[in-house]
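Colleague: Prediction below, plus the sequence it came from.
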Amino acid sequence: MIPVSVEHAAHVLGVAPVGTGDASVAITSLVADSRAVTPGALFVALRGERADGHDFVARARADGASAVLVSRPVDPGLSLVVPDPLTALGALARDQVVAGHAQGLRVLAITGSSGKTSTKDVLAQLLEPTGPTVSPIGNLNNELGVPLTVARIEPTTRFLVAEMGARGIGHIAYLCRIAPPDVALVLNVGVAHVGEFGGRPAIAQAKGELVEALPDSGVAVLNADDPLVWAMRSRTAGVVVAVGIDRQPEWDAAVWASGLVSDPLGRFRFTLHACPPGEPYGQADVQLSLSGRHQVANAVAAAAGAMAVGVSLDGIASALPNIRPRSRWRMELQSRPDGVLVINDAYNANPDSMRAAIEALGELGRARPGGHTWAVLGDMLELGAMSSVEHANLGASVARHGVSWLIAVGRHAEDVVQAAIDAGLPAERAVIASSKLEATQRVLGGLAPADVVLVKASRGLALDTVAEEILRQDLPATSPPRESRR
């Protein structure tokens, strides 16, 4: 972080330091996990469902914390006592952004119902050749994760990439007060968390808070292929850049992809077109190293965001082929020695990301002659009253994309399986598994070389262990012939 004194932090929070210690001592990091404390840290004592950070103050001090941020005094050491340490953490993070802006920091913020984490990974890698860049590790996109990401900036940091999620109206607006964006990317409006919002219009209202936070000099990168996102252009004072796939958006400032062609690993080659604000038209041929058609949309949005802060089209085109996944269990492709390809996309799931993953599975299957495709799918959580309908839509999508075998796990497994059968998947190829172990065994009992296995569910089902177990296994010495399993 940009070092500040305990005294300065107290001034930002409107409190006076209490307890023994030198208030002029420097704070060099903000930490909410006592196990991560290093000398100079300000330890933020948060109360969670399973633990209370106040119980770990002694450990933080022993490991060299300069002070602690608490809601009640715990010991006689140097402390900042505030009503809500989480809100106070946000205020300290905002102070970091203000200091960073004074030294040329640019903030690029991303939201959307799906694709946020993958897009921020791409965007960060496009920015890094231009200057020091900080981006979230994993998907730190809430009122705790955003401040902790901000706290990693240093005096030399040129770009901060912030991923912003929401569980309701006002959440993104709050995050934007912590990290006011210079560039805002809105990817899509789907039905993730629809049970909490009550409908897509409410989700769009919440996501649009990101572009509303832009100053006149800001840039809003909006998906012109999503009507709810494209409508947000009326909600921002910033310059609007339209992004799209397969067609040129009807907008003066635009970035889009055309001529998509996939290789056997689902990695797309395409032409990237760009008409950034105030710049001449340009185009470049690009080969992605990431698998799945949805990664093209992510790459185009990231490219538009990078151009908004001065990265050239040539620089983007040369960087995109070298982009690598940075966040675990998101379209993570690994091959077994016997040739079976496993897609571990089990970090999280919603209807939009499920459809993208199923589409990618179908593409990979078609590119591997003689192979069959397996979809091991678990529940999508937080869909509320839409759960049964969306899981049925998922099952229909499995059949529509020609997936060979479906193994469903979870409370809504029957909805998925029945809809897949109704849409044409043979009943003997659509199976409900009562546990992760059974799902794993069913797949391992039927795999053959050139097969592709997708494993995906909401994080609460922890299906990543299924993918890992499948990867650890080789084919049995004698696999039953395909005909015997039809």
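Modeller: Received, thanks.

Colleague: For residue 223, give its distance to residue 430.
Modeller: 33 Å (C-beta to C-beta, to the nearest Å). C-beta here means a position set from N, CA and C on the backbone, and glycine is covered the same way.

Colleague: scratch that, residue 173
Modeller: From residue 173 over to residue 430 (counting by C-beta to C-beta), the distance is 44 Å.

Colleague: And the two? Which one has more around it.
Modeller: Relative neighbour count places residue 430 above the other of residue 173 and residue 430, with 25 against 16, counting by other C-beta atoms under 10 Å.

Colleague: and that one, what does it touch?
Modeller: 395, 405-406, 408, 417, 420-421 (C-beta atoms under 8 Å, 6 or more residues apart in numbering).

Colleague: just those now: which is nearest residue 374?
Modeller: residue 405 (4.6 Å; C-beta to C-beta).

Colleague: low-confidence ranges in the stretch 301-450 of the chain?
Modeller: Counting by pLDDT under 70, the stretch 301-450 of the chain has low-confidence residues at 328-329.

Colleague: where exactly do the helices run in it?
Modeller: 313-319, 351-366, 387-400, 413-422, 436-444 (DSSP state H, counting those that start in this stretch).

Colleague: Run the chain-centre distance for the fourth one.
Modeller: In this view, helix 413-422 has its centroid 28 Å away from the chain centroid, taken as C-alpha atoms, centre = their mean, to the nearest Å.

Colleague: elements contacting that helix?
Modeller: helix 387-400, strand 405-409, strand 430-433 (3 or more C-beta pairs under 8 Å, 6 or more residues apart in numbering; DSSP states H and E).

Colleague: Could I have the CA atoms of the shortest one written out in PDB?
Modeller: Backbone C-alpha positions of strand 430-433 (Å, rounded to 0.1, in the frame of the first residue of the first chain) are rendered in PDB as follows:
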ATOM      1  CA  ALA A 430     -28.900 -38.600 -18.400                       C
ATOM      2  CA  VAL A 431     -28.200 -39.600 -14.800                       C
ATOM      3  CA  ILE A 432     -28.900 -38.300 -11.300                       C
ATOM      4  CA  ALA A 433     -26.000 -38.900  -8.900                       C
END
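
Colleague: Now do it: distance to the chain's middle.
Modeller: Mean C-alpha position of strand 430-433 versus that of the full chain (C-alpha atoms, centre = their mean) differs by 29 Å.

Colleague: Show me what it pairs with in its sheet, parallel or antiparallel.
Modeller: Each strand that pairs with strand 430-433, with its direction, by DSSP bridges: strand 405-409 (parallel).

Colleague: contacts for the partner strand?
Modeller: Contacts of strand 405-409 (C-beta under 8 Å, 6+ apart): 372-379, 395, 398, 414, 416-417, 420, 425, 429-433, 435-436, 439, 442-443, 446, 457, 461, 463.

Colleague: any idea of the mean pLDDT for whichever strand or helix holds residue 284?
Modeller: Counting by DSSP states H and E, the element that carries residue 284 is strand 282-291. Average pLDDT, strand 282-291: 94.

Colleague: packing partners for it?
Modeller: strand 267-275, helix 294-308, helix 313-319.

Colleague: So for residue 139, which of those sits nearest?
Modeller: Short answer: helix 294-308, nearest of the helices and strands packed on strand 282-291 by C-beta to C-beta, at 13.9 Å.

Colleague: Please point out which parts of the closest one sit buried.
Modeller: 294-308 (16 or more other C-beta atoms under 10 Å).

Colleague: Sketch out the low-pLDDT regions of the stretch 101-250 of the chain for me.
Modeller: Scanning the stretch 101-250 of the chain for pLDDT under 70 picks out 192-198.

Colleague: And the strands in it?
Modeller: 106-111, 133-134, 159-163, 183-186, 219-223, 239-245 (DSSP state E, counting those that start in this stretch).

Colleague: Tell me the helices and strands packed up against the longest one.
Modeller: Spelled out, that is strand 239-245. strand 219-223, strand 254-262, helix 294-308.

Colleague: Kindly report the same for the shortest one.
Modeller: Counting by 3+ C-beta pairs under 8 Å, 6+ apart, the packing neighbours recorded for strand 133-134 are strand 159-163.

Colleague: what's the angle from the strand it packs on to helix 294-308?
Modeller: Angle, strand 159-163 to helix 294-308, by axes from the mean of the first three to the mean of the last three C-alpha atoms, to 10 degrees: 140 degrees.

Colleague: before we move on, the earlier item: buried among the contacts of strand 405-409? Need that as a selection in ChimeraX.
Modeller: Buried residues among the contacts of strand 405-409 (16+ other C-beta under 10 Å), as a ChimeraX selection:
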select :372,373,374,375,376,377,378,379,395,398,416,417,420,425,429,430,431,432,433,436,439,443,446,457,461,463
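
Colleague: of the helices of the stretch 301-450 of the chain, which approaches residue 227 most closely?
Modeller: helix 351-366 (14.4 Å).

Colleague: Outside of that closest one itself, list whatever touches it.
Modeller: So helix 351-366 is in contact with 113-115, 188, 190-192, 262, 264-266, 291-294, 331, 341, 343, 345, 349, 371-373, 375, 377, 380, 383, 390, 393-394, 397-398, 401-404, 452, 454, 456, going by C-beta under 8 Å, 6+ apart.

Colleague: How far off centre is it?
Modeller: 17 Å.

Colleague: Rebuild the helices and strands packed on strand 282-291 as JSON lines, extending it with distance to residue 49.
Modeller: Below are the helices and strands packed on strand 282-291 laid out as JSON lines (distance: least, C-beta to C-beta, whole Å):
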{"stretch": "strand 267-275", "distance to residue 49": "41"}
{"stretch": "helix 294-308", "distance to residue 49": "33"}
{"stretch": "helix 313-319", "distance to residue 49": "41"}
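
Colleague: And the most centrally placed residue in the chain, how far from residue 189?
Modeller: The centroid of the chain falls nearest to residue 117 when counting by C-alpha atoms, centre = their mean (2.0 Å). Using C-beta to C-beta, residue 117 is found at 17 Å from residue 189.

Colleague: Break the protein down into its structural domains.
Modeller: Following automatic domain parsing, one finds the domains of the chain at 4-83, 103-322, 332-485.

Colleague: Now tabulate those domains in CSV and tack on distance to residue 89.
Modeller: Below are those laid out as CSV (distance: least, C-beta to C-beta, whole Å):
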stretch, distance to residue 89
domain 4-83, 5
domain 103-322, 5
domain 332-485, 24
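
Colleague: Looking at the buried residues of helix 294-308, point me to the pair that's furthest apart.
Modeller: Between any two of the buried residues of helix 294-308 (C-beta to C-beta), the greatest distance is 21.7 Å, for 294 and 308.

Colleague: Nearest to residue 93, out of the domains of the chain?
Modeller: Residue 93 lies closest, by C-beta to C-beta, to one member of those: domain 103-322, at 3.6 Å.

Colleague: End to end on the closest one, go ahead and measure it.
Modeller: Distance between the boundary residues of domain 103-322 (C-alpha to C-alpha, to the nearest Å) amounts to 30 Å.

Colleague: go on, stretch 44-63?
Modeller: 14 Å.

Colleague: same question, stretch 290-297
Modeller: One end of stretch 290-297 to the other measures 12 Å (C-alpha to C-alpha).

Colleague: residues contacting the closest residue in space to residue 339 that isn't next to it in sequence?
Modeller: Spatial nearest neighbour of residue 339, chain neighbours left out: residue 449 (4.1 Å); criterion: C-beta to C-beta, 6 or more residues apart in numbering. Counting by C-beta under 8 Å, 6+ apart, residue 449 touches 338-340, 370-371, 475.
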